[in-house]
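Undergrad: got a sequence here, can you build the structure:
(one chain, ligands or ions: 1)
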Amino acid sequence: DYLRQCQQRIDDALPRLIGKAASEYAEHAAPHLERLFESIHYSTLNGGKRVRPVLVYAAARAVNPGFANDEALDHVAAAVECIHAYSLVHDDLPAMDDDDLRRGKPTCHIAFDEATAILAGDGLQSLAFELLASVPDLADNRRLALIRTLAAASGPRGMVGGQAIDLGAVNQSPTLETLEAMHQLKTGALLRAAVRLGAQYAGANNDQLRRLDDYGRAIGLAFQVQDDILDIEGSTEKLGKTQGADIARNKPTYPALLGLEGAKQRAQALFEEAMAAIANFDDQAQRLRELAEFIVQREH
Ligand code: GRG
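TA: Predicted coordinates for the structure are as follows:
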């Protein structure tokens, strides 16, 4: 129920927050600008589990439930989803994974064209930081901390760096350590940042931040392990993409290195690490516990 509630909340907030930017410019815009906004909407408002925004809401709630329902928190949740959407649009490009389908629909460069998809991703990235810079009623030092967290997690020391390692690893045989280092950055950094952003928004102290960071690191990696497992087991959602695409492209995966059972055990161990990290939080962290469970038990 909480997941659905938060998904609804971000699905309502995203068009409001991104649409605002579109309508601000559209009335003066040439058709090309409208096409750009259309591609941005197409890539952001087309479903998705919204795991990262839900983590933002749940982490804020764990630290201080008084902040969790703030409308301002929607800016933070939307910002992280914009970065996620941008990463998927660019990841699907011919120069990267060259995928035709995403969430069961044509990818952005198929529905529009490659140049538009590059711009949609670029635009979503900028929009994310515009959203953080304009979070209402927030002290400047806290706003700056949010911007730094998202920038570090999505840039070359985070997601972009992970993608670079991934590109370099195709047709190689990395060790488990290299695989984990890659995923910590590529997928893990943004999930971890989502937790941190919610916590920072709600004014977490250093001790809370450290524990939540440990939780975020563990579930960030668990998410990827589960993704690899689902890629092998072929969930219905994954049939939209080329099933087993990573394996077909000879990309390293957890089941390839650990076997399917070993990968499942790794996911379970990471789940337990996440739970231990927030063990001394009270009932307010219950949603984070449920989300950790969702991440390792999800079927798509
Ligand atoms: C191109 C800069 C750049 C980065 C790309 C995150 C990433 C880096 C690429 C995504 C590739 C991918 C499919 C990785 C597997 C794990 C993952 C992030 C899956 C997609 O996230 P979900 O399951 O997607 O949260 P939804 O559709 O639910 O939003």
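Undergrad: which residues sit in contact with Leu191?
TA: Counting by C-beta atoms under 8 Å, 6 or more residues apart in numbering, Leu191 touches 51-52, 55, 216, 219-220, 223. Where C-beta positions appear, they are placed from N, C-alpha and C, glycine not excepted.
Undergrad: now Glu71
TA: Contacts of Glu71 by C-beta under 8 Å, 6+ apart are Pro136.
Undergrad: got phi/psi on it?
TA: The phi and psi values for Glu71, taken as degrees, to the nearest 10, are phi -60, psi -30.
Undergrad: mind telling me what element the residue of the stretch 151-300 of the chain found nearest the ligand is part of?
TA: In the stretch 151-300 of the chain, the residue that lies nearest the ligand is Gln163 (3.9 Å; C-beta to the nearest ligand atom). Using DSSP states H and E, the element containing Gln163 is helix 159-169.
Undergrad: leaving out sequence neighbours, find the closest residue to Ser39.
TA: Ala120 (4.1 Å; C-beta to C-beta, 6 or more residues apart in numbering).
Undergrad: low-confidence bits of the chain, can you list those?
TA: 20-27, 30-31, 171, 234-250 (pLDDT under 70).
Undergrad: which bits of it sit near the ligand?
TA: Residues of the chain found near the ligand (C-beta under 6 Å from any ligand atom) are 48-49, 51, 87-88, 90-91, 96, 103, 159-160, 163, 186-187, 224, 227.
Undergrad: tally of neighbours for the closest residue to Glu290 other than its chain neighbours?
TA: Residue nearest to Glu290 in three dimensions, not counting chain neighbours: Tyr2, with 6.6 Å by C-beta to C-beta, 6+ apart. Using other C-beta atoms under 10 Å, Tyr2 has 15 neighbouring residues.
Undergrad: now Tyr2: how far from Tyr57?
TA: 9 Å (C-beta to C-beta, to the nearest Å).
Undergrad: what do these two both touch?
TA: Arg287.
Undergrad: who's in contact with the closest residue to the ligand within the chain?
TA: Nearest residue of the chain to the ligand (C-beta to the nearest ligand atom) works out as Gly48 at 3.0 Å. Residues near Gly48 by C-beta under 8 Å, 6+ apart: 81, 84-85, 103.
Undergrad: wait, a strand at it?
TA: No. If the criterion is DSSP: H, G, I helix; E, B strand; the rest coil, then Gly48 is coil and not within a strand.
Undergrad: I'd like the distance between it and Ala72.
TA: When Gly48 is compared with Ala72 (using C-beta to C-beta), they lie 22 Å apart.
Undergrad: what's the separation between the residue nearest to Glu290 and Arg9?
TA: According to C-beta to C-beta, Tyr2 and Arg9 sit 10 Å apart.
Undergrad: now Gly48
TA: To Arg9, Gly48 is 14 Å away according to C-beta to C-beta.
Undergrad: now Leu150
TA: Counting by C-beta to C-beta - Leu150 and Arg9 are separated by 19 Å.
Undergrad: more neighbours: the two, which one.
TA: Higher neighbour count among Leu150 and Arg9: Leu150, with 26 against 19, using other C-beta under 10 Å.
Undergrad: from the contact counts, what lies against the host helix or strand of the more buried one?
TA: Leu150 belongs to helix 140-154 when elements are defined using DSSP H and E. Applying 3 or more C-beta pairs under 8 Å, 6 or more residues apart in numbering; DSSP states H and E, we find helix 140-154 packed against helix 72-91, helix 114-133, helix 189-201.
Undergrad: with that, I have no additional questions.
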